[in-house]
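Asks: Could you look at this predicted model? Sequence included:
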Amino acid sequence: MRGDDDVRRTSLSIVLPAYDEEANIVTAVRRATDVAGRLCAEHEVIVVDDGSSDATAALVRELAAADPRVRLVQHPRNRGYGDALKSGFEAARMELVFFTDADNQFDLEELAHFLPLAERVDVVAGYRVNRCDPFSRRLNAKAWNYLVRALFYVPVRDIDCAFKLFRRSVFEGLQLESVGAMVNTELMVKLGRSGYSVVEVGVTHLPRTAGTARGAHPRVIVTALRELTRMHGRLSQMSSSAQPSVPAGRP
């Protein structure tokens, strides 16, 4: 495993999907640039504004004007979480690609535990040690995890945890079809069945202090279930050359 000096030579793209996050986005970008600036030799922060109706995009433009490492990718209309992630992955230019949400519910300092692991595995996936969401959302998430684990080989325990680090090479030739919340399942199933190695690390989850969570919105849930039904056959037919995930535990 590489030492601290080797980690600091890493280049990192941070993808932040955002939808109506004007109350959070400035803090999210500043935290991302601060942490990546200390941990990596080179980095970029890509905010994917997914058709926000508030000032999210305008605030990111101001940040980008002051710091060329900040980039804005903007959808003219709301296309969904999956499409936002795909746009971010396509725009990424660095050796490693990390994504998290723009709602400040994760401690980006914990990237320091992830970066050394990216030397020996293709994907470092976080799992929330203590999920700080309302009970209804935690219940929905648990049901979704049970469902996808029953239907597919899923190489992680917390499929929708928005704290994942990838080697950018895993996206070469990878076709993601999901436009909504199904994207995490599709992504990890396809990577797992393609034989990419995965290590899991426990991460801290923080309560949302601003903005509105939309993961439990009925439209989001219906879209995810429709995509799950549509993609079940194709994902199930993929030949599995998967390696078991490596349980790293909590650092």
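Replies: Ah, there it is.

Asks: for the most centrally placed residue in the chain, phi and psi?
Replies: Against the mean C-alpha coordinate of the chain, by Cα atoms, centre = their mean, the closest residue is Phe99 at 3.6 Å. Backbone torsions for Phe99, taken as degrees, to the nearest 10, come to phi -130, psi 150.

Asks: what sits against it?
Replies: 14-17, 85, 88-89, 162, 164 (Cβ atoms under 8 Å, 6 or more residues apart in numbering). Where C-beta positions appear, they are placed from N, C-alpha and C, glycine not excepted.

Asks: By neighbours, which of those residues wins?
Replies: When neighbours are counted by other Cβ atoms under 10 Å, Ile14 leads the contacts of Phe99 with 30 neighbours.

Asks: May I ask which helix or strand encompasses that residue?
Replies: strand 11-18 (DSSP states H and E).

Asks: just Gly202 next, same as before
Replies: strand 198-203.

Asks: Can you tell me which helices and strands that strand packs against?
Replies: Contacts defined by 3 or more Cβ pairs under 8 Å, 6 or more residues apart in numbering; DSSP states H and E place strand 198-203 against strand 123-128, helix 183-193, strand 246-249.

Asks: Please point out which parts of the longest one sit buried.
Replies: Think helix 183-193. By neighbour count on 16 or more other Cβ atoms under 10 Å, the buried set for helix 183-193 is 183-193.

Asks: For burial, what's the neighbour tally of Ala92?
Replies: 22.

Asks: Pull up the per-residue confidence for it.
Replies: In this model, Ala92 is scored at 97, pLDDT.

Asks: Determine the number of other residues adjacent to the closest residue in space to it that isn't next to it in sequence.
Replies: Sequence neighbours aside, Ser13 is the residue nearest to Ala92 in space, at 3.7 Å (criterion: Cβ to Cβ, 6 or more residues apart in numbering). Neighbours of Ser13 under the rule other Cβ under 10 Å: 25.

Asks: likewise Thr100?
Replies: 25.

Asks: Can you give me every residue that contacts it?
Replies: Contacts of Thr100 by Cβ under 8 Å, 6+ apart are 14-16, 106, 108, 162-163.

Asks: Between the residues you listed, which sits nearest Leu59?
Replies: Among these, Leu16 lies closest to Leu59 (Cβ to Cβ), at 12.1 Å.

Asks: Please name the bridge partners of the closest one.
Replies: Taking DSSP bridges as the rule, Leu16 bridges to Val47.

Asks: So Arg230, which state does it fall into?
Replies: Recorded secondary structure, Arg230: helix (DSSP: H, G, I helix; E, B strand; the rest coil).

Asks: And it, how far from Gly180?
Replies: 11 Å (Cβ to Cβ, to the nearest Å).

Asks: Next: Thr223.
Replies: Taking Cβ to Cβ, one finds Thr223 at 4 Å from Gly180.

Asks: what's the answer for Val222, then?
Replies: From Val222 to Gly180 the distance is 9 Å (Cβ to Cβ).

Asks: Same check on Glu21?
Replies: Separation of Glu21 from Gly180 (Cβ to Cβ): 18 Å.

Asks: Equivalent analysis for Gly82, please.
Replies: Distance, Gly82 to Gly180, using Cβ to Cβ: 5 Å.

Asks: Name the residues contacting each of those two.
Replies: Glu227.

Asks: Same drill for those two, tell me which one is more crowded.
Replies: Taking other Cβ under 10 Å, Gly82 and Gly180 do not tie; Gly82 has more neighbours (24 against 20).
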